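# Need the 3D shape of this:
(4 chains)
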2 protein chains.
Amino acid sequence: MEETIFAKTQTTFRTSCDQCGLSSVCLPIAVDPEDLYRLETAVNRGQKFNRGELVFKQRDRFKSCFVVQGGAVKTFIVTEDGEKQVTGFYLPGEMVALDSINTDYYSCSAEALERSSLCEIPLDRFAEHTLRIPGLQHHFFQLMSQEIQKSQRMTVLLNRKTADERLATFLLSLSKRFGRRHMSATQFRLPMTRNDIANHLGLAVETVSRVLTRLQKQKLVQFQGRYCTLTDVNGLTNIAHAVNSPYECRG
Amino acid sequence: MEETIFAKTQTTFRTSCDQCGLSSVCLPIAVDPEDLYRLETAVNRGQKFNRGELVFKQRDRFKSCFVVQGGAVKTFIVTEDGEKQVTGFYLPGEMVALDSINTDYYSCSAEALERSSLCEIPLDRFAEHTLRIPGLQHHFFQLMSQEIQKSQRMTVLLNRKTADERLATFLLSLSKRFGRRHMSATQFRLPMTRNDIANHLGLAVETVSRVLTRLQKQKLVQFQGRYCTLTDVNGLTNIAHAVNSPYECRG
DNA sequence: AGTCTAGATTGACCTGTGTCATTCGAGGCG
DNA sequence: CGCCTCGAATGACACAGGTCAATCTAGACT
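Predicted coordinates for the structure are as follows:
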């Protein structure tokens, strides 16, 4: 039933939280069986979204965070001046909307990149939950800290890295994250378009294309359309963590 | 006693929290008088740091957040590959180290940009505090959400804006933040070097210099060394929110 | 199968911003 | 007071990556 080498995006979703396989994200919320039961009744599991559908919309009233079960999601903000900026990609096991917790409105929109399944975790009455479930608060603080740190690493990426370094970093990040969920870390399908990647990394689409073909020529990766095989993780790592600053070294 | 037009950095610090003038940051933590008393005993007020001194250091055990009372602080991270990246500047009334809450270690270092005074808010036993003070958790979640959103705006800035737009945005941000604290929003001293600005905005120092003189020639700002006078806020706003993307429009 | 469209690739060219090198100015100190 | 150092400003030049334009590819639909 499992698909071949490439990470499958639409799997059969389990009906109980403790079998979901994403326990490291949600289950710390529920430490004892009673909590687990409450969690299961509170959480709205396995909502499906088609490619292009919005999971939530910037400026809508904040209601829930979402955990990706299958598929993939991108978040983006639209700035005052109408610029669209992809702020993140979310893969199975990752939680979306942490940036909006305890604010009144969603601070970004989230859109399914392919047919996806998400768990909705209602957090509008967050305070009550935390009183009931002791570990919950700590867990969410941790998730939010990570989100800040992720965003700061992004800042470094954009500030200090060349196009090649950005893309190597990006591919390795996907690899690591797929790997964490027991999917292949070296062979996967990119759920997003080159355009999304370019936007996210602050590059032109053309540059993304050029760099990817260049990395391919260097035998570091191989592409067949969206399908991606990392053939030399070390090589990529070397590029990603280039010892020096963007402009004074290359090669 | 008040200094002239320029925001004073070393003021006489009050001894009680409710007179501190930063109430919007700290006092939501303490909603009733008893809480206030607890807060005053818990918080370590008015610690002084000289220019260049570290308030806390990346990878040190996380202990406290800090609120800037007077002066200014920069935070920076050092990446695996030895790059230094200034992640933020913190002015009076702003809280530092939110990105480290509920993590084991500080995720960045904080350094005083001039002689500064900070309030230390011990949060290592954060969970107990939140049980005792109901509003505390909500308040901190809010602060952290803001921090994430700030970081995301930074991403947009770095991704989509030219050097001119970045600097206009930067100056306006300082202006707004000084203004919030009842300091002049149009005349202030930059507490950081051009180098810090350049690093933070992902530019070369030379570019910062050139752009600042350019903005000066356009009569939008005026500089005397670190002293800065915004002479045309609207003009700056126009540049900061340039209607189109960096490269297809200029002027 | 044939058509359509959105996404991806590739080449030619251009420009914003980085690098290098030099000069200038101001604050700290013997 | 002059020396020293660090930060800032400015000019000459180089190049990474953007723009424009054309072509190719692969699903989606009739």
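# I'd like to know how many residues surround the residue nearest to residue A:160 when sequence neighbours are not counted.
Leaving aside its chain neighbours, residue A:160 sits nearest to residue B:83 (5.2 Å; criterion: C-beta to C-beta, 6 or more residues apart in numbering or on different chains). From N, CA and C alone the C-beta is placed, and that goes for glycine too. Other residues within reach of residue B:83, judged by other C-beta atoms under 10 Å in any protein chain shown, total 20.
# Isn't residue A:91 up against residue A:174?
Yes - contact criterion C-beta atoms under 8 Å: residue A:91 and residue A:174 qualify, at 7.5 Å.
# hey, what's the nearest residue to residue A:42 once chain neighbours are set aside bridged with?
In space, and not counting its chain neighbours, residue A:42 is closest to residue A:122: 6.2 Å by C-beta to C-beta, 6+ apart. Following DSSP bridges, residue A:122 is listed with bridge partners residue A:64.
# can you list the residues of the stretch 1-150 of chain A near chain B?
A:77, A:79-83, A:85, A:87, A:98-103, A:107-108, A:126-127, A:130, A:134, A:137-138, A:140-142, A:144-145, A:147-149 (C-beta under 8 Å from any C-beta of the partner chain).
# residue ranges for the strands of the stretch 101-250 of chain A, please.
Applying DSSP state E, counting those that start in this stretch to the stretch 101-250 of chain A gives strands spanning A:109-112, A:116-122, A:187-189, A:221-224, A:227-230.
# Tabulate those in TSV, adding columns for mean pLDDT, mean neighbour count and distance to residue A:35.
Formatted as TSV, the strands of the stretch 101-250 of chain A follow (pLDDT from 0 to 100; neighbours: other C-beta atoms under 10 Å in any protein chain shown; distance: least, C-beta to C-beta, whole Å):
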stretch	mean pLDDT	mean neighbour count	distance to residue A:35
strand A:109-112	96	21	27
strand A:116-122	90	22	13
strand A:187-189	94	19	34
strand A:221-224	93	14	43
strand A:227-230	95	17	39
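# Which one of those strands lies nearest to DNA strand D?
Minimum separation from DNA strand D across the strands of the stretch 101-250 of chain A (C-beta to the nearest atom of the strand) falls at strand A:221-224, 7.5 Å.
# What is that closest one packed up against?
helix A:205-217, strand A:227-230 (3 or more C-beta pairs under 8 Å, 6 or more residues apart in numbering or on different chains; DSSP states H and E).
# Roughly how far does the residue most central in space within chain A sit from residue A:124?
Nearest to the mean C-alpha position of chain A, by C-alpha atoms, centre = their mean, lies residue A:90 at 2.0 Å. For residue A:90, the distance to residue A:124 equals 21 Å [C-beta to C-beta, to the nearest Å].
# Which residue, other than its chain neighbours, is closest to residue A:81?
residue B:241 (4.8 Å).
# ok, the nearest residue to residue A:186 once chain neighbours are set aside - contacts?
Distance criterion C-beta to C-beta, 6+ apart; nearest residue to residue A:186, sequence neighbours excluded, is residue A:230 at 4.5 Å. For residue A:230, the contact set (C-beta atoms under 8 Å, 6 or more residues apart in numbering or on different chains) comprises A:171, A:172, A:175, A:185, A:186, A:187, A:220, A:221, A:236.
# switch to 6 Å and redo it
Listed by C-beta atoms under 6 Å, 6 or more residues apart in numbering or on different chains, the contact set of residue A:230 reads A:175, A:186, A:221.
# and the residues you listed as TSV, adding distance to DNA strand D?
As requested, the contacts of residue A:230 are arranged in TSV below (distance: C-beta to the nearest atom of the strand, whole Å):
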residue	distance to DNA strand D
A:175	21
A:186	20
A:221	17
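# Looking at those residues, which one is closest to residue A:71?
Using C-beta to C-beta, residue A:175 is the member of those that lies nearest residue A:71, at 18.0 Å.
# So what sits opposite the residue nearest to residue A:186 in the bridge?
Where residue A:230 sits in a bridge, its partners, by DSSP bridges, are residue A:221.
# quick check, nearest of the contacts of residue A:230 to chain B?
residue A:175 (16.9 Å; C-beta to the nearest C-beta).
# measure that closest one to residue A:187 for me?
Distance, residue A:175 to residue A:187, by C-beta to C-beta: 9 Å.
# Beta-bridge partners for the closest residue to residue A:54 other than its chain neighbours, please?
Taking C-beta to C-beta, 6+ apart as the measure, residue A:54 lies nearest to residue A:111, with 5.4 Å between them; neighbours along the chain are not counted. For residue A:111, the beta-bridge partners are residue A:54, residue A:74 (DSSP bridges).
# now the helices and strands packed on strand A:221-224 in CSV, with distance to residue A:60?
Output for those, formatted as CSV (distance: least, C-beta to C-beta, whole Å):
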stretch, distance to residue A:60
helix A:205-217, 29
strand A:227-230, 33
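# Out of the ones you listed, which gets nearest to residue A:48?
Closest among these, once you apply C-beta to C-beta, is strand A:227-230, at 23.6 Å.
# Let me know the pLDDT of residue A:143.
Note for residue A:143: predicted pLDDT of 88.
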